[in-house]
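>>> Build me a structure from this.
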Amino acid sequence: MKKIFAFWIKWLARLTPRSTPIAAPSTPLAQTIDQAASAPRIPAEPQPTVAPPPVFGRSGEPADFWNAGFRSVLRIKDDSKPPQTKPLPKATREEVLAELANLEDVPALKSLAENFSRLLGQPNITLEEIVEAISKDSILCLTILRMANSVDVALSARVESVELAVQMLGVVRVRRAAQAHELMRGSESERTPLDWRPLWVHSLATAIIAEKLAEVLRLGQPQQLYIAGLLHDVGKVALSSVFPGTYQNILLNAWAGDDTLESLEHQGFGVDHCEAGTIFAGKSRMNPLVLQSVAHHGTPENASSHRAEVAAVHIANHLAKAYGIGFSGTKFDPQHAPLKSLTAWTVLMAETGRRHDVESFCVLMDPFLCALASDLDVVLKNL
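Reported below is the predicted structural model:
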């Protein structure tokens, strides 16, 4: 275990120095696809004037969605209702900080770290070689074919060729599937009371949305925003790794009661996942943009630097929840927290001098978000 985590720290220390931009995490296959996709950037679409879609981008009631999410994370197989709240066993803040300082193993991040070493120096290869690489991984191959045969993509005839599937989906959507597949493969072997794969899907969605917002909001630094989005909730995994039983009870109480997850974390640990994640990211020598995003992704107005980028991660996190992509471990009802009410918009105005039309923004982003939700759903269902 110690060697595994040392490997992760070693590679991030070598590959993400503070003076050098952090490369976006990716699987070897995803990097290959990126290199093959040399098409010019599509210009931004003109802002439409029609009414925006519903804020909650999925069908069904929010409560149905978060009930299913809690059952999945807590490994509850039946459709039982939330259990009764339980008294929380408590650890002192000092004990928690000591455990976090010695944290040795986060399997999903280990998987990413192993692939950072292969990220550099990848040769350019052809589309045929991309298809060959996909074909060697049976689960990824099945995922790509199912995506190509989905309602929003499929032709009149069933798609059974991986090459045709890649051509139909485009390299961007195939890249998403490859990233999610690699991340999930790294987390599926975790032997804990909690199944964090839905959280990693949420985190990956937040990363992809944040990367998109770098373009839409004209912020730059898309790779840094990707890393920040991917790691914004890593404190939840860190806390559950050092105190799995306590964190399981915290989630049960968050499901059954009215307290927020952050409040329950403070009750049980004296810290919340934002502070825990910042400690973990700091050990990994992440740069200030990432550290500020991990610490303040819920309160961008409190960031001491990189405030516009932290605001973008805040918006990305909100959109991933609103469209029901993965599950963050918290209850979310967009009617109680509409997108236009986020403090992130005020922060962006103060930092960039640009005012954003939130309704037009919703319409512009909706097709992208619906496609992303569909793609990551397919990946999660194939695991």
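
>>> contacts, neighbours, all on C-alpha from now
Fine.

>>> mind listing what's buried in stretch 255-264?
Across stretch 255-264, burial judged by 16 or more other CA atoms under 10 Å covers 255-256, 261-262, 264.

>>> all strands of the stretch 251-383 of the chain, in order?
Using DSSP state E, counting those that start in this stretch, the stretch 251-383 of the chain contains no strands.

>>> any chance you could map the helices in it?
Assignment of helices within the stretch 251-383 of the chain using DSSP state H, counting those that start in this stretch yields the ranges 261-269, 273-283, 288-296, 307-322, 343-352, 358-381.

>>> In JSON lines: those helices, plus mean pLDDT and distance to residue 224.
Shown next, in JSON lines, are the helices of the stretch 251-383 of the chain (pLDDT from 0 to 100; distance: least, CA to CA, whole Å):
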{"stretch": "helix 261-269", "mean pLDDT": "94", "distance to residue 224": "25"}
{"stretch": "helix 273-283", "mean pLDDT": "90", "distance to residue 224": "13"}
{"stretch": "helix 288-296", "mean pLDDT": "94", "distance to residue 224": "7"}
{"stretch": "helix 307-322", "mean pLDDT": "97", "distance to residue 224": "9"}
{"stretch": "helix 343-352", "mean pLDDT": "96", "distance to residue 224": "17"}
{"stretch": "helix 358-381", "mean pLDDT": "88", "distance to residue 224": "20"}
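
>>> what would these look like in JSON lines with distance to residue 209?
Output for these, formatted as JSON lines (distance: least, CA to CA, whole Å):
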{"stretch": "helix 261-269", "distance to residue 209": "23"}
{"stretch": "helix 273-283", "distance to residue 209": "20"}
{"stretch": "helix 288-296", "distance to residue 209": "14"}
{"stretch": "helix 307-322", "distance to residue 209": "5"}
{"stretch": "helix 343-352", "distance to residue 209": "15"}
{"stretch": "helix 358-381", "distance to residue 209": "8"}
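
>>> Most tightly packed of the ones you listed?
Between those, the one whose residues have the most neighbours on average, counting mean count of other CA atoms under 10 Å, is helix 307-322 (a mean of 27).

>>> That helix packs against which elements?
With contacts defined as 3 or more CA pairs under 8 Å, 6 or more residues apart in numbering; DSSP states H and E, the secondary structure elements packing on helix 307-322 are helix 197-216, helix 222-231, helix 288-296, helix 343-352.

>>> With distance to residue 98 as added columns, please give the ones you listed in TSV.
Rendered in TSV, the data for those read as follows (distance: least, CA to CA, whole Å):
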stretch	distance to residue 98
helix 197-216	25
helix 222-231	21
helix 288-296	19
helix 343-352	33
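
>>> Among the ones you listed, which comes closest to residue 302?
Of all these, helix 288-296 sits nearest to residue 302, with 6.5 Å by CA to CA.

>>> what sits up against stretch 300-316?
206-207, 209-210, 213-214, 219, 225, 228-229, 288-289, 292-293, 295-299, 339, 342-345, 347-348, 351-352 (CA atoms under 8 Å, 6 or more residues apart in numbering).
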